[in-house]
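Visitor: let's see this in three dimensions:
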Amino acid sequence: MLRIPRTSRILLRPALQNVRRLATTPHLLSQSNPHSKIHALPFKLSEEKARSLIDLTAYVNEHTFASFFKILGSVCMHLAITRTKPKVDEKAQDLELRKAYLPFWYLDIAVSGKGTALEAKVGNDEKDMENSMLGMAFDSYWPGFVYDPLHYVSFGKPHNQDIQDAVPFSPSMYQDVEDLEVIPFSVSPLLDIADRVDVVNDTVIEGKDFNYKMNDVQLEFAAAYPLYWPVYIAKFKVGEDEERTIVLAAHKDDPFFLQWEPEREGYQQWLNNGSWLNADVTEPFWKIGHGQKGVLHNAEQMYLNDVVGQFGVGGDDIDWEDKRILAYPVHNGDNKEYLTKMYSYWAKTSMLNMIQHSESAMVGFGKGKFEILPVEKMIEKTEKEVKEAKAEMEEARPKWLSEGTQA
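Guide: The predicted structure follows:
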């Protein structure tokens, strides 16, 4: 069992249904859980340095400039520790410290669907506009375990800038290491998200001028990368009876912190948390507007509010032979190149569809400048671009997609 955090406020906190408590495992050697697919960032932060950083964090929390942590995060911590570290004689009170490898996933995914624009400001005799579109996301974050509130810690952007240093997760990284806890994978974004995209059907997403209803939603691509992040998890006392729980990344000497705020809910519980979704969509109208006026922005908020937190909803029977589970350093570059080409193909196809339904001349790019082109000329030009984009997409198709029958 993961013994940190121990504060009763965490252990007694109402959690999701069917929560599986964390259990450590001394090794991961099995045919159903191959090391070749799992990568990890090695531990580099010594326990002595970690305690020093925690003492400084405790000192900051004790004083009136506690917002220093929230606002500046690891950047100022880096400057303070490596260049102008203030002398802190005080130690964190009642410190409980554990080191662990936390499992997580990055997910590359592409989903197609038909979006029907429902214009609220027109009468019932107005015909709704429908268009096929592609939505995609790179390196979207998903935890590999269920344990509230730790599963709301995200190692997504901007924290993922060091993930290129990940190495194959071998027994030498955790065996015979004193007090190191390895949390096994128990949930997968393939089960929770990719294999359940049809639940989006009939969903209505609000926009400024149009609401969009989604139908015929289908999975076009999915690749999930299992990874481990080394952390120190610390609980200490601030003042007489107030407690703090922090997660300290341990992959380098100037790490980032995440601090738990128990009065908040969901992914907002952790200060300095990483992102969960890095999405884009081929439908240009989704990206018009700012803030809550943009349909894409509202779709992302729906994901954060309604999807994030449903960890394990697809079950806990992870099939490690699923070819969509891939080693991040080996496959993520080719997969993202393929998705980029797929996005271009869908965007040009969407443009062609729009032009084919146009009755007036359009602005096009020809002979090195913008010019007014007849619809027929624009259709001919765009059809050629669609054909070229499709060929580029097929050429970039990863080899693993053609192996076996599972896409």
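
Visitor: tell me the SS of residue 97?
Guide: Here residue 97 is recorded as strand under DSSP: H, G, I helix; E, B strand; the rest coil.

Visitor: ok, now which ones touch it?
Guide: By CB atoms under 8 Å, 6 or more residues apart in numbering, the residues touching residue 97 are 4, 47, 50, 51, 54, 232, 233, 234. Where you see a C-beta, it was placed from the backbone N, CA and C, and this is true even at glycine.

Visitor: what's the closest of those to residue 279?
Guide: Nearest to residue 279, judged by CB to CB, of the contacts of residue 97 is residue 233 at 29.9 Å.

Visitor: list the buried residues of the host helix or strand of that closest one.
Guide: With secondary structure defined by DSSP states H and E, residue 233 is part of strand 210-238. Neighbour counts over strand 210-238 (16 or more other CB atoms under 10 Å) mark 210-214, 217, 219-238 as buried.

Visitor: same question for stretch 101-120.
Guide: 101-118.

Visitor: quick one: that stretch to chain centroid distance?
Guide: When distances are taken as CA atoms, centre = their mean, to the nearest Å, stretch 101-120 is centred 11 Å away from the chain's centroid.

Visitor: also stretch 344-361?
Guide: For stretch 344-361, the distance to the chain centre is 31 Å (CA atoms, centre = their mean).

Visitor: for it, the averaged confidence score.
Guide: If you average the pLDDT over stretch 344-361, you get 82.

Visitor: check stretch 266-285 too.
Guide: pLDDT averaged over stretch 266-285 gives 94.

Visitor: for the strand holding residue 233, name the packing helices and strands.
Guide: Secondary-structure packing of strand 210-238 (3 or more CB pairs under 8 Å, 6 or more residues apart in numbering; DSSP states H and E): strand 39-40, helix 47-62, strand 93-119, strand 129-143, helix 189-192, strand 204-205, strand 242-249, helix 328-356.

Visitor: the first one: how far from the chain's middle?
Guide: It stands for strand 39-40. On CA atoms, centre = their mean, the centre of strand 39-40 falls 17 Å from that of its chain.

Visitor: what packs against it?
Guide: Contacts defined by 3+ CB pairs under 8 Å, 6+ apart place strand 39-40 against strand 167-168, strand 210-238.

Visitor: could you dump these into CSV and include distance to residue 140?
Guide: Shown next, in CSV, are the helices and strands packed on strand 39-40 (distance: least, CB to CB, whole Å):
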stretch, distance to residue 140
strand 167-168, 23
strand 210-238, 10
